[in-house]
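> model the structure of this input:
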Amino acid sequence: MTDEPDEVVDAELVDDGNLPAIASGDAEAMPARPLVDRHTILVPGEALPTEAEQPTYTERDLYVSESTAERLKNKSKPKNTSRTYDNQRDLFRRWCEQEGRVARPCTTATYVEYVATLIEQGRAPNAISVAMSAIRTWMPDDKKPGTAEARGMLNEYRKEWNKRVGVKKAPAITDDMIRAMVATCDPGHSIGIRDRCVLLIGRGALNRRSELADLTIGNVTIEPDGVALWFTSSKTDQEAKGEETFIPAWDDPDIDPVHATRAWLDTLHKLGVRDGAFLRALTREGRLQSRIRATERGEHVTGDAINEWVRGRAKLAGLKGWERVTAHGLRRGGAQAIADAGGDPTSQGRWQEGSAVVKREYLDRATNRRDNPWLKLARPEADGGLPET
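Numbers count the residues shown, from 1 in each chain. Next comes the predicted model:
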């Protein structure tokens, strides 16, 4: 053991992401100072990195191309999300201009004040939450506003909102409803054939409407015992690894997804379509709608269009409350039917494993109804459970 003091190295801590600081004074006379930060890892025998070893960066090292900039703008988010975020950021920017505040990077006070303004305007809590996320992710990583105060206000407002307005959800499309809606689809008309296919594969695969809209003909495979759909990406698959969902065939031809899908593919072939978007916009006569002025989605329809098709079928079927029916009702109805039968819809609907939504909305609901204590009195023959069907 030695009494010599430990050697102290004079090292400069550098902020993450910053270029090396330029030493002041006579550069030739001053020794190169070591540069380390909390992420530095050295192996035994390795010398400390110094300023002298750092590269000299030019503009060439800092700029990216226009095409790369476009990719960065939409990174890790679906196009719909990107458009929504861009809109929310624009609204925030304009509000800041009117209030004489700096929009980017904004202070926590500005962030909190804007959230309070949205609350005063009576915006829906979920819409405010989206705006908060859009604004905060727009800020530089090291200059994001604090969220504790804004989240606290939003949580209190959400309680008031739920008491006053309640939680509005698209009604689940039940078996009886789906049969009534399918019955309105003319099997001799292109629109009827398309809508029947949408209803049955949407319910069978528990699709999100955006996933249905993004399907291509190459993503759809008819097999002897069902239909296989390949989803290249989804809300829970932002890395676009892709995943297959299989919909089994049904004995009842009226609601068989295999028959419906084959009929729609045959119709597309008659219309001269053999690749590209699976779902197409049609004229009233059943011909392909001109897409000359189409949006960036090109030949693909939007999720909103699919919503209108589903709601239109609910109206034609004379369903009560058809105005509130959406394509999400196919997902809700199918998931509830699976849960009521004792199954778990998580993987079929591509929810994340252990999803709280699936547990709360479907599994717990099915269990509570199946184990309701009143059943012993209301249905003695069931011996405490639902009669077998």
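> please count neighbours and contacts with C-alpha atoms only from this point.
Will do.
> bridged to Cys216, which residues?
For the record, residue 216 is Thr, not Cys. For Thr216, the beta-bridge partners are Ala277 (DSSP bridges).
> tell me which stretches of the protein form helices.
Assigned by DSSP state H, the chain shows helices spanning 66-73, 79-99, 108-120, 125-138, 148-164, 175-182, 190-205, 209-214, 257-270, 303-316, 328-340, 356-358, 364-370, 375-378.
> how far is the last one from where the chain is centred?
Averaged C-alpha coordinates place helix 375-378 at 42 Å from its chain's average position (C-alpha atoms, centre = their mean, to the nearest Å).
> and if you look at the second one?
Centroid separation between helix 79-99 and its chain, computed with C-alpha atoms, centre = their mean, is 19 Å.
> just want the angle from it to helix 108-120.
If you take axes from the mean of the first three to the mean of the last three C-alpha atoms, to 10 degrees, helix 79-99 sits at 110 degrees to helix 108-120.
> give the burial count for Arg94, as a bare number.
13 (other C-alpha atoms under 10 Å).
> how close does it get to Gly100?
10 Å (C-alpha to C-alpha, to the nearest Å).
> kindly report the same for Gly152.
From Gly152 over to Gly100 (counting by C-alpha to C-alpha), the distance is 25 Å.
> closest to Val43 out of the helices of the chain?
Val43 lies closest, by C-alpha to C-alpha, to one member of the helices of the chain: helix 66-73, at 35.3 Å.
> elements contacting that closest one?
Where contact means 3 or more C-alpha pairs under 8 Å, 6 or more residues apart in numbering; DSSP states H and E, helix 66-73 is not packed against any helix or strand.
> show me how far it is from its chain's centre.
Relative to the chain's own centre, helix 66-73 is displaced by 21 Å; criterion: C-alpha atoms, centre = their mean.
> swap in stretch 97-106?
Distance, centroid of stretch 97-106 to centroid of chain: 29 Å (C-alpha atoms, centre = their mean).
> then that stretch to CSV, C-alphas only?
Coordinates of each C-alpha in stretch 97-106 appear next as CSV, following Å, rounded to 0.1, in the frame of the first residue of the first chain:
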residue,chain,number,x,y,z
GLU,A,97,-47.6,34.6,-32.4
GLN,A,98,-50.9,36.1,-31.2
GLU,A,99,-49.8,35.9,-27.6
GLY,A,100,-46.3,37.3,-28.2
ARG,A,101,-44.6,34.1,-27.0
VAL,A,102,-41.8,32.0,-28.4
ALA,A,103,-43.1,28.8,-30.0
ARG,A,104,-39.9,26.8,-30.4
PRO,A,105,-38.4,26.0,-28.1
CYS,A,106,-41.2,27.1,-25.8
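> residues in contact with that stretch?
Applying C-alpha atoms under 8 Å, 6 or more residues apart in numbering, the contact partners of stretch 97-106 are 92-93, 96, 110, 138-140, 143-145.
> are any of the residues you listed buried, and which?
Buried subset of the contacts of stretch 97-106 (neighbour count, 16 or more other C-alpha atoms under 10 Å): 92-93, 96, 110, 138, 144-145.
> go through those residues and say which is closest to Asn207.
For these, the nearest to Asn207 is Trp138 (30.1 Å; C-alpha to C-alpha).
> how near is the closest one to Arg93?
Where Arg93 is concerned, Trp138 sits at a distance of 11 Å (C-alpha to C-alpha).
> buried ones in stretch 314-326?
Applying 16+ other C-alpha under 10 Å to stretch 314-326 flags 314-315, 317, 322, 325-326 as buried.
> end to end on that stretch, go ahead and measure it.
For stretch 314-326, the end-to-end distance is 9 Å (C-alpha to C-alpha).
> how far off centre is that stretch?
26 Å.
> who touches it?
170-171, 173, 177, 180-181, 183-184, 307-308, 310-311.
> what is the mean pLDDT for that stretch?
Mean pLDDT, computed over stretch 314-326, is 94.
> can you check stretch 159-168 too?
80.
> list the buried residues in that stretch.
For stretch 159-168, using 16+ other C-alpha under 10 Å, the buried residues are Trp161.
> number of nearby residues for the residue lying closest to Leu363 once chain neighbours are set aside?
Leaving aside its sequence neighbours, Leu363 sits nearest to Ala339 (C-alpha to C-alpha, 6 or more residues apart in numbering; 5.5 Å). Using other C-alpha under 10 Å, Ala339 has 22 neighbouring residues.
> what sits against Ala339?
345, 362-363, 366.
> same thing with Ala150?
Counted by C-alpha under 8 Å, 6+ apart, Ala150 has contacts 111-112, 115-116.
> any idea how far it is from Trp309?
For Ala150, the distance to Trp309 - C-alpha to C-alpha - is 39 Å.
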